[in-house]
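J.: Just to be clear, the model below is a prediction. Sequence and coordinates:
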Amino acid sequence: MAYRNLYLSQYLPGSFQQVADDVSNVGIKQYLYQNYVTGNGDNNNNQSGNSASSTVIGRLSCVTSCFQNLVKSKRKAINNEHDTDEGKMVNHEDYFHALKNSCDNVPQCCVEPYILKGYVLPQMPLRYYFKVLWIPNNELFNVWTHLVPCLFFISMLYQFNQSLNLFESWPVLIVTVSAILLTLCSSLAHLFHSRSSFQHCCWFMVDYFGITTFAYSSTVSHFFASSQLSYYNRIGWLNLLVFTLIACCGFLCMSFTQAGNRWQSVENARKMKLWSTVFGYLYGMLPIIHRQVNMAWNSYLINAENDHALFYHKLQFICMLLCPLFYASDLPQKLWPGKFDIFGHSHQIFHVFAALSCYFEIVAIHMDVTDINGPWNALKHQNDFPTFELFCTCALALIVYCIILAIYIARSIHADFIEEIPGCQCSDLNKNQQQKKVD
């Protein structure tokens with residue numbers, strides 16, 4: 001009751017203070033009954049000669065506005081049980097301290113939609129953020145859902161090295177190494193991004209670098225290890241340059257979403273990242289789609305029913321289609337805000353399908369390369385087939401480009417971020433600065 005009186009006194013004009021006090025004391029239903037049903041309410045403030053109709057309309061308008069403000073205040077109180085002052089007093093030594101830290105006490109760019117609590121504290125020493133690996137927080141499973149696959153992919157690479165010459169079978173090497181890099185960069189980004197707004201942007205550009213390298217290696221492997229000769233001969237080795245340009249554009253679009261907060265919202269940033277990656281991914285999947293169509297059309301061929309690698313390509317495609325659905329939908333936490341703050345929210349599910357997609361991709365490329373009747377054995381004997389050295393040259397150019405662009409964006413946005421006070425929200429600081437300018 002006390003917070004309602006305080007809220008009403010702040011937002012209602014002085015002429016309506018009596019109405020606010022009445023509503024706060026007796027409740028909205030009782031107030032309406034007394035004043036507009038029985039007519040026994042206190043009319044001391046309405047003896048100025050106004051007509052009965054204008055009095056009723058005025059009071060109803062005031063009560064309606066009051067009721068709306070009460071509802072908004074109640075929702076805010078429920079969603080933000082700990083205000084900024086309480087957030088500052090969270091003890092980081094407490095094992096469950098992240099569960100007490102709400103979204104109001106971290107930089108706005110670190111807030112995930114419909115995730116209300118479970119945020120680690122900003123502006124802490126670097127060693128503090130290693131606690132993300134074991135304390136309850138909303139990044140705990142975001143880290144482990146990619147850290148575990150990263151270790152598993154490393155073990156797969158070791159096993160491949162025992163049975164294959166990876167430099168000769170380089171599509172297997174590049175897709176496995178890029179999957180390791182993707183999951184590692186993602187784990188590091190979710191581990192350290194909460195330290196500040198600036199580091200959030202920097203670490204997620206590292207994450208985008210991992211995504212770009214895997215997308216690039218995956219599309220190159222599709223074309224040079226999994227496509228049929230009829231599709232390969234349409235462009236030939238020049239497609240390697242096309243893939244490199246697409247990867248450069250993809251990294252540019254994703255990094256641009258971190259270039260300050262002057263224009264993009266969470267929705268706009270997601271759209272930019274989704275469309276930039278979907279276009280490149282679909283172009284890279286064209287060899288597999290062409291292969292599937294030919295296999296279905298020529299189902300009477302002997303090797304059409306024995307193409308086991310194509311089955312894993314399909315699984316990879318299905319998992320990759322599910323990734324943007326969970327990434328952009330915010331389900332299930334959108335339906336029950338606050339219920340999936342620690343476990344089960346959409347980004348964790350997105351990570352699981354992304355890791356599965358990487359696994360199926362590695363298995364499919366490995367089968368295409370090792371199968372005697374696989375497309376790799378026919379492709380590698382083409383006169384214009386690129387060497388591993390040529391691929392490394394293009395990949396090195398892509399890496400240098402990504403590093404230069406990331407450094408440029410990081411330096412350009414560094415001045416945009418003010419020094420944040422622990423436990424303060426960026427919007428509150430902006431409001432304070434605007435208030436000082438007005439004063």
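T.: Received it, and whenever you're ready, just let me know what you need.

J.: Going by C-alpha atoms from here, please, whenever you check contacts or count neighbours.
T.: Fine.

J.: Tell me how many other residues surround P113.
T.: Close neighbours of P113, defined as other Cα atoms under 10 Å, add up to 12.

J.: In contact with it, which residues?
T.: D330, K334 (Cα atoms under 8 Å, 6 or more residues apart in numbering).

J.: what number of residues lie near L188?
T.: L188 has 17 nearby residues by other Cα under 10 Å.

J.: if I pick it, what's in contact with it?
T.: By Cα under 8 Å, 6+ apart, L188 lies in contact with V143, W203, D207.

J.: Out of those, list just those in helices.
T.: Secondary structure defined by DSSP state H assigns V143, W203, D207 of the contacts of L188 to helices.

J.: Mind checking which of the residues you listed are buried?
T.: V143, W203, D207 (16 or more other Cα atoms under 10 Å).

J.: circling back to that earlier point, what would the ones in helices among the contacts of L188 look like in JSON lines with distance to A296 and pLDDT?
T.: Shown next, in JSON lines, are these (distance: Cα to Cα, whole Å; pLDDT from 0 to 100):
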{"residue": "V143", "distance to A296": "40", "pLDDT": "97"}
{"residue": "W203", "distance to A296": "44", "pLDDT": "95"}
{"residue": "D207", "distance to A296": "38", "pLDDT": "97"}
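
J.: what's the neighbour count on the nearest residue to L241 once chain neighbours are set aside?
T.: Leaving aside its chain neighbours, L241 sits nearest to C394 (7.5 Å; criterion: Cα to Cα, 6 or more residues apart in numbering). Counted with other Cα under 10 Å, the neighbours of C394 add up to 15.

J.: What's the separation between C394 and F141?
T.: 35 Å (Cα to Cα, to the nearest Å).

J.: Assign the residue nearest to Y95 when sequence neighbours are not counted to helix, strand or coil.
T.: Of all residues not flanking Y95 in the chain, I135 sits nearest, at 6.1 Å (Cα to Cα, 6+ apart). Put simply, I135 is coil when judged by DSSP: H, G, I helix; E, B strand; the rest coil.

J.: Quick one: residues contacting I135.
T.: Y95, F96, A98.

J.: What segments of the stretch 151-300 of the chain are strands?
T.: Counting by DSSP state E, counting those that start in this stretch, the stretch 151-300 of the chain has no strands at all.

J.: Check the secondary structure at P332 for me.
T.: Under three-state DSSP, P332 falls in the coil class.

J.: Next up, the contacts around it.
T.: The contact partners of P332, by Cα under 8 Å, 6+ apart, come to F340, G344, H345, S346.

J.: picking that back up, pick the one among the ones in helices among the contacts of L188 closest to S169.
T.: The closest of these to S169 turns out to be D207 (Cα to Cα; 27.1 Å).

J.: Distance-wise, check I342 relative to N142.
T.: For I342, the distance to N142 - Cα to Cα - is 10 Å.

J.: Looking at the two, which has the bigger crowd around it?
T.: Neighbour count, other Cα under 10 Å: between I342 and N142, N142 has more, with 27 against 22.

J.: my read: the more buried one touches H190, true?
T.: Yes - the criterion here is Cα atoms under 8 Å, and N142 meets it with H190 at 6.6 Å.

J.: so what's H290 closest to, chain neighbours aside?
T.: Per Cα to Cα, 6+ apart, closest to H290 is Y231, 7.4 Å.

J.: I'd say the one you found and P287 touch.
T.: Yes - the pair Y231 / P287 is scored as a contact, 6.8 Å apart, by Cα under 8 Å.

J.: okay, these two: which has more neighbours?
T.: Neighbours were counted for Y231 and for P287 using other Cα under 10 Å; P287 has more, 24 against 15.

J.: Now do T257 against Q159, distance only.
T.: Look at T257 and Q159: by Cα to Cα, they are 38 Å apart.

J.: Without its sequence neighbours, what residue ends up closest to W203?
T.: A189 (4.8 Å).

J.: so who does the one you found touch?
T.: H200, W203, F204, V206, D207.

J.: My understanding was that the fourth one contacts C185; is that so?
T.: Yes - the criterion here is Cα under 8 Å, and V206 meets it with C185 at 6.1 Å.

J.: So between the two, which is more surrounded?
T.: Between V206 and C185, counted using other Cα under 10 Å, C185 has the larger neighbour count: 24 against 21.

J.: In contact with that one, which residues?
T.: Taking Cα under 8 Å, 6+ apart, we find C185 in contact with V206, D207, F209, G210.

J.: Which pLDDT value belongs to D85?
T.: pLDDT, D85: 45.

J.: actually I235, not the one I wrote
T.: Here, the pLDDT recorded for I235 equals 87.

J.: Kindly report the same for Q30.
T.: pLDDT for Q30: 56.

J.: quick one, domains of the protein?
T.: Domain assignment for the chain by automatic domain parsing gives 2-79, 84-126, 137-426.

J.: Mean pLDDT lowest where, among the ones you listed?
T.: Among the domains of the chain, domain 2-79 carries the lowest mean pLDDT, at a mean of 51.
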